[in-house]
Structure formats: C-alpha cells, structure tokens
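1. quick one, fold the following:
(one chain, ligands or ions: 2)
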Amino acid sequence: MRATGVRMSYGDVQVLNGVDFTVSAGEVSCVIGPSGSGKSTFLRCVNGLEPVLGGSLRVLGEEVGHTLRDGRYHPWTPKEFAAFRRNIGMVFQRFNLFAHQSALENVACGPVHVLGSPADEARGLAMEHLERVGLAGHAHKRPHQLSGGQQQRVAIARALAMNPALMLFDEPTSALDPELVDEVLEVMKGLAADGMTMVVVTHEIAFAREVGDWLTFFDDGVAVERGRPGELLAAPGQERTRAFLSSVL
Ligand code: ADP
Ligand code: MG
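-> Ligands and ions are numbered 1, 2, ... in the order given. All right, here's what the predicted structure looks like:
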C-alpha cells in the first residue's frame with residue numbers, strides 16, 4: 001500500500017492533510033500518534049470506508065480512485081470498492097461481533113454470505129481460524145460468554161476467514177482490560193511471523209518495537225515521521241514526536 005499526499009475532510013474540517021505512508025508485502029507497519037490526529041480516518045480511507053479527496057492511494061497494487069482531467073481525485077464509489085474490500089481485513093477497537101451467533105458462525109458468515117462458500121467448507125475453515133487464534137474450544141460460545149480478549153480474537157479470526165492480503169488494526173487492544181491485552185497481541189505476533197502484511201494503529205509501544213518493521217508517527221493529519229521502531233523511539237527526529245513519546249513512555 002502506498003499513500004502519497006492523501007487528503008480527506010469531514011465537511012470543512014480537513015482531517016488528513018497530505019499523508020505519505022507505505023507498507024510493503026509481508027511487513028508490519030505500526031502507527032502511533034495523539035487522539036484526533038487522523039489515524040482511524042486514514043485506515044478507513046485505505047479500505048474505502050471514507051473517500052480520499054486528493055493525493056494518490058494505491059492499495060494491493062491498485063489505485064483506488066481516478067485523477068480525472070479536471071485534476072481532481074475521484075475515489076472509487078462504494079460499489080467499486082465493495083468487491084475489492086474483501087482483500088482487506090479490518091479489526092476495530094470494538095469487536096462488533098454478531099451477538100446472536102456463535103464464535104464459529106461469526107467466523108464462517110463472511111465466507112458463506114460474501115464469498116458464497118458452501119456452509120460445510122466455511123465451518124471447517126472457520127474452525128481452523130479459531131484454532132489459529134487459540135479458541136477452538138470456544139467455537140460454540142456466543143460473544144457474551146467470551147472475555148473481551150477472546151471476542152477480539154474471534155474478530156481477528158473472522159477477518160482472516162476472508163483470506164485477506166492486508167490486515168488493518170485500529171487500536172485492537174485499547175478497549176480491553178489490561179490483563180487481556182497480551183493474548184490479542186500474541187495472536188497478532190503470530191500473524192506477523194506468518195508474513196501477513198499489517199498496518200497496526202496502537203498505543204502498545206513495546207509491541208511496535210518488537211513486531212513492527214516500521215513505525216510512523218501521525219500528528220495533525222500528517223505522517224510526521226517514519227523509521228525503524230527502535231531508532232525512532234530512541235531518537236525521534238521531530239520535536240512533535242519527542243513530545244508525544246515523552247507523554248506516553
Ligand atoms: P485518531 O484515530 O487519530 O484519534 P480520527 O481519524 O478518529 O483520529 O479523527 C481525526 C479528526 O477527525 C478528529 O478531529 C475527529 O474529531 C474528526 N472526525 C472523526 N470522525 C469524524 C466524523 N465522522 N465526522 C466529523 N469529524 C470526524
Ligand atoms: Mg482512532
């Protein structure tokens with residue numbers, strides 16, 4: 001994925017002011033930055049939930065909009081994005097599982113309803129994904145019978161069931177009780193080790209340091225700086241990054 005000068009606004013409020021951002025296949029790119037800096041909006045642009053208004057955005061090798069002769073960038077319409085979005089998994093802070101379905105049904109439902117997989121096959125694969133996130137023994141449970149950490153792992157399994165080429169995580173552990181954070185981070189580490197391409201917005205600096213190939217600092221709608229996590233954390237080049245890090249470390 002490569003964003004160049006990506007702009008986006010809500011009405012008159014400019015939220016992304018020219019974001020440059022790259023993640024290559026098989027890499028984990030972590031994003032940190034203060035609340036309101038545009039991190040979530042950027043992820044939402046990447047999977048087409050918000051329209052990019054300027055710049056250029058290539059996702060999985062495809063430009064997800066067109067610059068017309070008037071010089072303006074016309075993002076793909078929701079319809080144009082719909083099929084493409086299957087290639088992108090997204091995990092939110094809130095897990096958004098279907099409350100009336102079991103863990104297994106939550107994971108199998110995308111393949112059945114969106115990809116048209118036969119139900120038996122989808123359930124078999126869903127079980128494999130639940131095993132991958134350590135929840136094979138909980139397949140029959142509904143979300144309310146699971147802890148927050150387990151629910152988030154189901155949400156990850158659900159995203160994986162669509163066989164995505166890119167996974168986006170928006171503060172996946174921020175809503176969890178502290179003792180449940182690690183089990184989710186461990187699953188994400190496993191994905192990274194398996195070579196999944198991932199963009200991870202997180203406050204978990206230790207995770208970014210250990211797992212991230214790259215770390216990007218967002219502030220005020222721009223990617224202020226990017227570097228190897230160890231280097232950026234030890235010696236930020238920008239004053240804004242330094243100020244943010246000293247407030248969270
Ligand atoms: P972050 O994820 O870094 O906290 P966001 O991308 O959520 O930042 O928000 C960036 C800015 O956009 C904030 O000022 C926020 O108030 C604003 N914003 C986010 N979502 C909306 C929306 N749906 N309508 C209007 N403004 C929004
Ligand atoms: Mg956010």
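
2. pLDDT value on Ser37, please?
-> Note on Ser37: pLDDT of 98.

3. OK, contacts around it?
-> Residues counted as contacts of Ser37 (CB atoms under 8 Å, 6 or more residues apart in numbering) are Phe218, Asp219, Asp220, Gly221. Heads up, the C-betas are built off the backbone N, CA and C, glycines and all.

4. confirm that it lies within a helix, as I assumed.
-> No: counting by DSSP: H, G, I helix; E, B strand; the rest coil, Ser37 falls outside a helix, being coil.

5. any idea how far it lies from Gly55?
-> Separation of Ser37 from Gly55 (CB to CB, to the nearest Å): 17 Å.

6. and Ala99, by the same measure?
-> Counting by CB to CB, the gap from Ala99 to Gly55 is 38 Å.

7. neighbour count for the two, which is higher?
-> Gly55 (20 against 9; other CB atoms under 10 Å).

8. what about Leu115, how many neighbours?
-> Other residues within reach of Leu115, judged by other CB under 10 Å, total 12.

9. just the one 10 residues further on next, same as before
-> By the measure other CB under 10 Å, the count of residues near Leu125 is 17.

10. my guess is it contacts Pro111, does it?
-> Yes: Leu125 lies in contact with Pro111 (CB atoms under 8 Å); the separation is 6.6 Å.

11. give the helix, strand or coil label for the residue sitting nearest the centre point of the chain.
-> With distances taken as CA atoms, centre = their mean, the residue of the chain nearest its centroid is Leu168 (1.5 Å). Three-state secondary structure (criterion: three-state DSSP) places Leu168 in strand.

12. list the contacts for it?
-> Leu168 neighbours (CB under 8 Å, 6+ apart): Leu43, Val46, Asn47, Ile88, Gly89, Met90, Val91, Met198, Val199.

13. hey, where'd the helices end up in this structure?
-> 39-46, 78-84, 103-113, 119-132, 148-160, 178-193, 205-211, 229-234, 239-248 (DSSP state H).

14. buried set for the last one?
-> For helix 239-248, burial by neighbour count (16 or more other CB atoms under 10 Å) applies to Arg240, Thr241, Phe244, Leu245.

15. now that helix - C-alpha only, PDB.
-> What follows is helix 239-248 as a C-alpha-only set of coordinates in PDB (Å, rounded to 0.1, in the frame of the first residue of the first chain):
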ATOM      1  CA  GLU A 239      10.100  17.700  18.200                       C
ATOM      2  CA  ARG A 240       6.400  16.700  17.900                       C
ATOM      3  CA  THR A 241       7.300  13.000  18.000                       C
ATOM      4  CA  ARG A 242       9.600  13.600  21.000                       C
ATOM      5  CA  ALA A 243       6.800  15.400  22.900                       C
ATOM      6  CA  PHE A 244       4.300  12.700  22.200                       C
ATOM      7  CA  LEU A 245       6.700   9.900  23.200                       C
ATOM      8  CA  SER A 246       7.600  11.600  26.400                       C
ATOM      9  CA  SER A 247       3.900  11.800  27.200                       C
ATOM     10  CA  VAL A 248       3.300   8.100  26.700                       C
END
